[in-house]
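Colleague: Below: sequence and its predicted model.
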Amino acid sequence: GVRGDVAQVSLTTEPDVDEVNITVGNADEQGYEAYFIAEPNDDNEIRFNINTYTAGRFGNANESESYEMIDGTMKNGNVELVKGVSRVLEPGMYDVSVDNVPTSGTEPEELDLATLELQERNTGDITVHRAPSGDYNDLTDVEENDVTEADMPTGILEATEDGSLTETDEFAVNYDSDEGDARGDTVVYEIDVSGVFGAYDAGLQAPNLEIEQEDPGLNVEEGDIDLGNSTGQFIFDNSNQTVYYVTNTGTWEFQDGSSIQSLDEDTKFNATFNVTGNYLDDFDRDDLESGDDDEETYGAAELVDREATFDTVDDEVRVQSAADQVISGTTNVAPGTELRVRARAASDETDQAFLKTNETEVNEDGTFEATFSDEDSFENVEVGTNFTSSIPQQSFEDDAETDSRVVEGDYAEVEITNQTTDGTTVTVDRV
């Protein structure tokens, strides 16, 4: 375990043991000691969590709140504090001794001896990730860990595995639009930190995170995001010493009440996670010497306007009058975002009106390909038919509408230099 976090101890008793006395620490050698009587479960197991941030610090009457039984039961629900501490339990090895519960006139017998190792806490880095705008609810899914009974970030783990959550240095929001609500990528700040989860679990501290605009312009104060009025959620992963902050960037509001759509250009946002000097005083120091005693870590990403463009020839999308035609392009929204690419020919522009759609996903490199087949095939559309390609309902400017046309099969010209030939024909299978 890590000092300041929640550590777990697992023990197994002999089948004929009904109850045992468990002592954590040693008053003389380790400066902390507490004990309680526990009854094993039907599998002879005893498992309990220790909040190493609060253990020993708040007196005998409150010591039981630092212990939580996972397997087995605590007799009378009471933990006796033999020797407390003034600071968070220091890093090192702590004895966990298991004794029988003596009957009247007998001495306790030690049945087993284990150790609890606490390591020093740490403040690491912030990694910024993003996911499609509609994935916020899925990413905030949590499930109870079967071992620790703490929350496990199931949604984030699944999104990482399937590739829909990707590390990034930018995120896309349609800030340059006053039509409808803002739509933005879901951003996840992954904060590598330990020694804070005990305080969070006990409700004695809350995570200190700020997100602010790096350069809001001349004579303008830095624009801090009002996290309280923006959609976001902290997820604590004590088992992996990670704090996640998941946020829907389309809902961001500044402290002055203005929305994210008040911006007029791309801008970088810096996230700062602060483990304050006052908090660190609980671990080592007697007094806060200066503001520099805070531990801060940073993560940055640039906000860009949502954009999508189609691959064109002479400024128009071209397809052939054939099956399985591909309309492709590039976008700056999060990989995994589902796009509905539409091809539409209006009756007032052509004798052959149609509406064809294909759903596809944005690739990791920002490209997308929509293949039109079956009832949405172009094979029965006449050469020369004009239509419009677009991507609706993704908050792109004008739905990324682009002039398009059905053309005859393209040909390729291949130039081969500095070669000799025996007259062999070169055939191009695909353009």
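Modeller: Cool, got the structure.
Colleague: switch to C-alpha atoms for all contacts and neighbour counts from now on
Modeller: Will do.
Colleague: so who does the closest residue to Glu364 other than its chain neighbours touch?
Modeller: Distances taken as C-alpha to C-alpha, 6 or more residues apart in numbering put Pro335 closest to Glu364, at 5.0 Å, once the chain neighbours are dropped. Under the criterion of C-alpha atoms under 8 Å, 6 or more residues apart in numbering, the contact list for Pro335 reads 131-132, 164-166, 361-366.
Colleague: Buried only: go through those residues for me.
Modeller: 131-132, 164-166, 361-363, 366 (16 or more other C-alpha atoms under 10 Å).
Colleague: when you check those residues against the strands, which ones overlap?
Modeller: Judged by DSSP state E, strands contain the following of the buried ones among the contacts of Pro335: 131, 166, 361.
Colleague: wait, which of the buried ones among the contacts of Pro335 is closest to Leu111?
Modeller: Closest approach between the buried ones among the contacts of Pro335 and Leu111, by C-alpha to C-alpha: Leu165, at 48.8 Å.
Colleague: Show the residue spans covered by the helices in the stretch 251-400 of the chain.
Modeller: 277-280 (DSSP state H, counting those that start in this stretch).
Colleague: Could you verify my assumption that Val317 touches Val326?
Modeller: No. Val317 lies out of contact with Val326 (C-alpha atoms under 8 Å); the separation is 10.0 Å.
Colleague: between those two, which one's more packed in?
Modeller: Taking neighbours as other C-alpha atoms under 10 Å, Val317 and Val326 compare with Val317 leading, 22 against 16.
Colleague: Bridged to that one, which residues?
Modeller: Using DSSP bridges, the bridge partners assigned to Val317 are Ser404.
Colleague: Distance-wise, check it relative to Ala353.
Modeller: According to C-alpha to C-alpha, to the nearest Å, Val317 and Ala353 sit 17 Å apart.
Colleague: if we look at the biggest helix by length in the chain, which residues are touching it?
Modeller: Criterion DSSP state H: the longest helix present in the chain is helix 154-162. Helix 154-162 is contacted from outside by 138-143, 165-166, using C-alpha under 8 Å, 6+ apart.
Colleague: For this protein, give me the ranges with low pLDDT.
Modeller: Scanning the chain for pLDDT under 70 picks out 178-180, 216-222, 285-292, 410-431.
Colleague: Okay, now the sheet partners of the lengthiest strand in the chain, with direction.
Modeller: For the chain, the strand that runs over the most residues, judged by DSSP E, is strand 295-305. Taking DSSP bridges as the criterion, strand 295-305 forms sheet pairs with strand 170-173 (parallel), strand 267-275 (antiparallel).
Colleague: hey, what's the spatially most central residue of the chain bridged with?
Modeller: Centroid-nearest residue in the chain, with C-alpha atoms, centre = their mean: Val188, separated by 4.1 Å. On the basis of DSSP bridges, Val188 is bridged to His129, Val246.
Colleague: which other residues reach the longest strand of the chain?
Modeller: Outside strand 295-305, the residues that reach it (C-alpha under 8 Å, 6+ apart) are 123-128, 168-176, 189, 265-277.
Colleague: next one: stretch 343-358
Modeller: For stretch 343-358, contacts defined as C-alpha under 8 Å, 6+ apart pick out 340-342, 370-372, 376-377, 381-382, 385-390.
Colleague: Which two among those residues are spaced furthest apart?
Modeller: Farthest pair in the contacts of stretch 343-358 (C-alpha to C-alpha) is Arg340 and Glu382. Separation: 23.6 Å.
Colleague: roughly how far apart are the closest residue to Ser389 other than its chain neighbours and Gln241?
Modeller: Distances taken as C-alpha to C-alpha, 6+ apart place Ala343 nearest to Ser389, at 4.6 Å, with adjacent residues excluded. Computed as C-alpha to C-alpha, the Ala343 to Gln241 distance reads 48 Å.
Colleague: Show me which of these two is the more surrounded one.
Modeller: Just comparing Ala343 and Gln241: by other C-alpha under 10 Å the higher neighbour count belongs to Ala343, 24 against 21.
Colleague: Quick check: bridge partners of that one?
Modeller: Beta-bridge pairing of Ala343 under DSSP bridges involves Lys356, Ser389.
Colleague: Please report the distance of it from Ala308.
Modeller: Using C-alpha to C-alpha, we find Ala343 at a distance of 15 Å from Ala308.
Colleague: what's the answer for Ser64, then?
Modeller: Distance from Ser64 to Ala308, by C-alpha to C-alpha: 58 Å.
Colleague: Pretty sure Val20 sits against Pro102.
Modeller: No. Counting by C-alpha under 8 Å, Val20 sits too far from Pro102 to count as a contact (9.2 Å).
Colleague: Neighbour count: these two, which is higher?
Modeller: Val20 (24 against 12).
Colleague: mind checking how far that one is from Thr388?
Modeller: Per C-alpha to C-alpha, Val20 is found 77 Å from Thr388.
Colleague: And Asp162, by the same measure?
Modeller: In terms of C-alpha to C-alpha, Asp162 sits 33 Å off from Thr388.
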